[in-house]
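In: Sharing a sequence plus its predicted fold:
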Amino acid sequence: MSKIVHGRGRGHDDPPALNRRDLLKLGAAGAALAALPAAVPEARAQAVKTGAHIVIAGAGAAGLSVAARLAERLDGAKITIIDARKAHYYQPGFTLVAAGLKPQGYVTSSTADYLPQGIDLVEERVAEFDPDGNTVTTESGRSIAYDFLVVTTGMVLDYAAIEGMETDRIGQDGLGSVYHSPQAAAATWQAMSRFADEGGRGLFLRPATEMKCAGAPLKYTFITDDTLRKRGNRGKAELVYAAHNQTLFSVPIVNEKVRMLYRERGVNTIHDRVMTGIDLGRKVGIFSTPDGGTEEIGYDFVNVIPPMRAPDPVRYSPLAWQTGVWAHDGWMEVDKATLRHARYDNVFGVGDIAGVPKGKTAASVKWQVPVAVDHLVATIAGTTSDSVYDGYTSCPLITRLGRAMLVEFDYQNNLTPSFPGVIAPLEELWITWVMKTMALKPTYLSMLRGRA
Ligand SMILES: Cc1cc2nc3c(=O)[nH]c(=O)nc-3n(C[C@H](O)[C@H](O)[C@H](O)COP(=O)(O)OP(=O)(O)OC[C@H]3O[C@@H](n4cnc5c(N)ncnc54)[C@H](O)[C@@H]3O)c2cc1C
């Protein structure tokens, strides 16, 4: 029986507590880690021999990490990864690009750079999943049979659901949207920077659906606030945050902290408002209200964040939840502890596509992938695994330029600090800022190579 320990408290295997100087070194250390060669001789020596064919649908954060780990732990397996996108996006960096802190190129690299040796890359999208027939069909009509399937397609940003939204106008007339792409993040910075010079009303929001990195809309509001202050223009601006429900963040203690900080910084919050449309000419956002009506809110700058859903090939396949809260948007019906499909034993869903209560972050991917891989390898080996994913997710929540709070929690909303005594969860710290702006990217790249 194989076992991975996922305790989040500081145990004897955890790294020692970090001081300020150590944290500064983290970026460089992470970079060095990322540059390590892909194969670990000891792991290969214990690799499970198999002729199984494993298909991975999606070569983003989760797909590449799964591929790297499977390549290490299996000997003789045929591994195929399918994704039409050649570029790899380091999405946690989009916010830094949109804050004017990093260039657009900081978040873009190539998928091919992270592919382990011996993996087949099919540069297409999966158009259809047939878990009863153990096949996927690509958009060109190619049918690929598998013994095991790992679905890592992430999600789609449903901009079309916002009437009047035109993504090619991001960056113009006060229209921002950090999530769309690296180009849009850079264009959003141009629009936000103009706003920080001129003032007016800044409008911020989040969708009512599940979303990746639910802290990102909040932190971009903080970043805009501080950019205005740094330019001496905060008095010329009104900032409005439109929350989709009664809270700003799903974890109560974090919600209270953000509420307090918004009050302190003069960010006006309104609740139960969901953007349904936008008039780009008049610069007006249109929001649904709890009484079934709509309300218009004018803006000089807006950060549009659209609803997020499972990609159609998953959403309309038997892999999606058929009933319950995750059925409507098509998230995959997986067991929240193992990431194994609830009805198809040879299928796993990892990363943003997983229909689990928490965890649409790269930080969750880091903790989900070893669990899913452990169960998959155990099945191939004819054993079982007791690896468990506890819902860990985290968000370095920037609260001003030079300060951030490291918010880490699990399925039960327990705070799960990784560096107790060094990084207090709800404090605005410089050390957490350094982590977000310097150390996370090398760690993320190491994760893609199966080493973090
Ligand atoms: C603005 C922003 C800020 C964020 N900030 C943070 C942060 O601070 N911390 C953090 O941990 N996380 C953050 N995240 C979230 C994090 O980036 C995601 O949770 C993570 O990338 C999820 O990995 P994934 O592999 O599931 O999806 P992705 O990395 O999005 O990869 C999905 C891949 O699947 C492919 N695909 C889609 N459909 C198909 C198909 N039909 N067939 C084949 N392939 C397909 C796509 O082309 C893509 O390559 C942020 C995200 C954004 C957008």
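Out: Great, that's in hand.

In: Could you list the low-confidence segments of the stretch 51-200 of the chain?
Out: The model of the stretch 51-200 of the chain has no residue with pLDDT under 70.

In: Up against the ligand, what does it have?
Out: The stretch 51-200 of the chain comes close to the ligand at residues 57-63, 82-83, 85, 91-92, 94-95, 125-126, 152-154, 178-179, as judged by C-beta under 6 Å from any ligand atom. Any C-beta I mention is one placed from the backbone N, CA and C, and that applies to glycine too.

In: ok, L101 to L228 distance?
Out: Separation of L101 from L228 (C-beta to C-beta, to the nearest Å) stands at 16 Å.

In: just Y444 next, same as before
Out: Y444 sits 30 Å away from L228, going by C-beta to C-beta.

In: Same question for I170.
Out: Noted for I170: a distance of 20 Å to L228, by C-beta to C-beta.

In: So which residues of the stretch 51-200 of the chain form helices?
Out: 61-73, 94-98, 182-198 (DSSP state H, counting those that start in this stretch).

In: can you give me the offset of the longest one from its chain's centre?
Out: What it means is helix 182-198. 22 Å (C-alpha atoms, centre = their mean, to the nearest Å).

In: Residue of the stretch 151-300 of the chain nearest the ligand, please.
Out: G154 (2.8 Å; C-beta to the nearest ligand atom).

In: That residue reaches G58, doesn't it?
Out: Yes - the pair G154 / G58 is scored as a contact, 6.1 Å apart, by C-beta atoms under 8 Å.

In: More neighbours: these two, which one.
Out: G58 (26 against 23; other C-beta atoms under 10 Å).

In: And the closest residue to the ligand within the stretch 251-400 of the chain, how close does it get to W189?
Out: Going by C-beta to the nearest ligand atom, the ligand is nearest to G351 of the stretch 251-400 of the chain, at 2.3 Å. Separation of G351 from W189 (C-beta to C-beta) stands at 27 Å.

In: Between the two, point out the one with more neighbours.
Out: Neighbour totals were compared for G351 and W189, and G351 leads with 30 against 23 (other C-beta under 10 Å).

In: Identify the residue spatially nearest to the residue of the stretch 1-150 of the chain found nearest the ligand, adjacent ones excluded.
Out: Proximity of the stretch 1-150 of the chain to the ligand (C-beta to the nearest ligand atom) peaks at G60, 1.7 Å away. Using C-beta to C-beta, 6 or more residues apart in numbering and skipping the chain neighbours, the partner closest in space to G60 is G154 (5.2 Å).

In: which residues touch that neighbour?
Out: 58, 60-62, 212, 311, 351-353 (C-beta atoms under 8 Å, 6 or more residues apart in numbering).

In: 10 Å instead, please
Out: 58, 60-63, 83, 91, 212, 308, 310-311, 314, 351-353, 360, 365 (C-beta atoms under 10 Å, 6 or more residues apart in numbering).

In: Out of the residues you listed, which end up buried?
Out: Buried residues within the contacts of G154, counting neighbours by 16 or more other C-beta atoms under 10 Å: 58, 60-63, 83, 91, 212, 308, 310-311, 314, 351-353, 360, 365.

In: Out of these, which sit inside strands?
Out: Judged by DSSP state E, strands contain the following of the buried ones among the contacts of G154: M308.

In: who has more neighbours, L101 and L228?
Out: L228 (22 against 16).

In: My assumption is that the more buried one lies in a helix; please confirm.
Out: Yes - under DSSP: H, G, I helix; E, B strand; the rest coil, L228 falls within a helix.

In: can you map out the strands along the stretch 301-450 of the chain?
Out: For the stretch 301-450 of the chain, applying DSSP state E, counting those that start in this stretch gives strands covering 301-303, 308-309, 347-349, 393-400, 403-409.

In: Name the stretch among these that sits most buried.
Out: Using mean count of other C-beta atoms under 10 Å, the stretch among the strands of the stretch 301-450 of the chain with the largest mean neighbour count is strand 347-349, at a mean of 29.

In: Is it in proximity to the ligand?
Out: No - judged by C-beta under 6 Å from any ligand atom, strand 347-349 stays clear of the ligand, getting no closer than 9.3 Å.

In: go on, stretch 306-321?
Out: Yes - counting by C-beta under 6 Å from any ligand atom, the ligand has neighbours in stretch 306-321: 311, 313.

In: Please compute how far that stretch lies from its chain's middle.
Out: Relative to its parent chain, stretch 306-321 has a centroid offset of 17 Å by C-alpha atoms, centre = their mean.

In: what do you get for stretch 52-70?
Out: 17 Å.

In: how far does it stretch from start to finish?
Out: 11 Å (C-alpha to C-alpha, to the nearest Å).

In: can I get the CA coordinates of stretch 101-118 in CSV?
Out: Coordinates of each C-alpha in stretch 101-118 appear next as CSV, following Å, rounded to 0.1, in the frame of the first residue of the first chain:
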residue,chain,number,x,y,z
LEU,A,101,4.8,44.9,-11.7
LYS,A,102,5.9,42.3,-14.3
PRO,A,103,6.1,42.3,-18.0
GLN,A,104,3.6,40.3,-20.1
GLY,A,105,6.4,37.8,-21.0
TYR,A,106,6.7,36.9,-17.3
VAL,A,107,3.6,34.6,-17.6
THR,A,108,4.1,33.0,-21.0
SER,A,109,6.3,30.0,-21.8
SER,A,110,5.9,26.9,-23.9
THR,A,111,4.1,23.7,-23.0
ALA,A,112,6.9,21.7,-24.8
ASP,A,113,9.4,23.0,-22.2
TYR,A,114,7.8,20.9,-19.5
LEU,A,115,7.0,17.7,-21.3
PRO,A,116,8.8,14.7,-19.8
GLN,A,117,10.6,12.5,-22.3
GLY,A,118,8.6,9.7,-23.9
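
In: Please enumerate the helices of the stretch 301-450 of the chain.
Out: Along the stretch 301-450 of the chain, counting by DSSP H, counting those that start in this stretch, helices occupy 312-315, 362-381, 430-434, 440-448.

In: CA atoms only for stretch 410-425, dumped as CSV, please.
Out: This file holds the C-alpha atoms of stretch 410-425, laid out as CSV (Å, rounded to 0.1, in the frame of the first residue of the first chain):
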residue,chain,number,x,y,z
ASP,A,410,-9.0,23.3,3.7
TYR,A,411,-12.5,21.8,2.9
GLN,A,412,-13.6,22.6,6.4
ASN,A,413,-12.5,26.3,6.3
ASN,A,414,-9.8,25.5,8.8
LEU,A,415,-6.8,27.9,8.4
THR,A,416,-3.8,25.7,7.5
PRO,A,417,-0.7,27.8,7.8
SER,A,418,2.4,26.3,6.2
PHE,A,419,4.8,28.5,8.2
PRO,A,420,3.4,28.9,11.6
GLY,A,421,5.3,31.4,13.7
VAL,A,422,6.8,33.0,10.6
ILE,A,423,3.8,33.8,8.4
ALA,A,424,0.7,34.6,10.4
PRO,A,425,-2.3,33.9,8.2
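
In: Could I get the buried residue list for that stretch?
Out: Here stretch 410-425 shows 410-411, 415-419, 422-425 as buried, counting by 16+ other C-beta under 10 Å.

In: Could you check stretch 375-387 and say which residues are buried?
Out: So, applying 16+ other C-beta under 10 Å, buried residues of stretch 375-387: 375-381, 385, 387.
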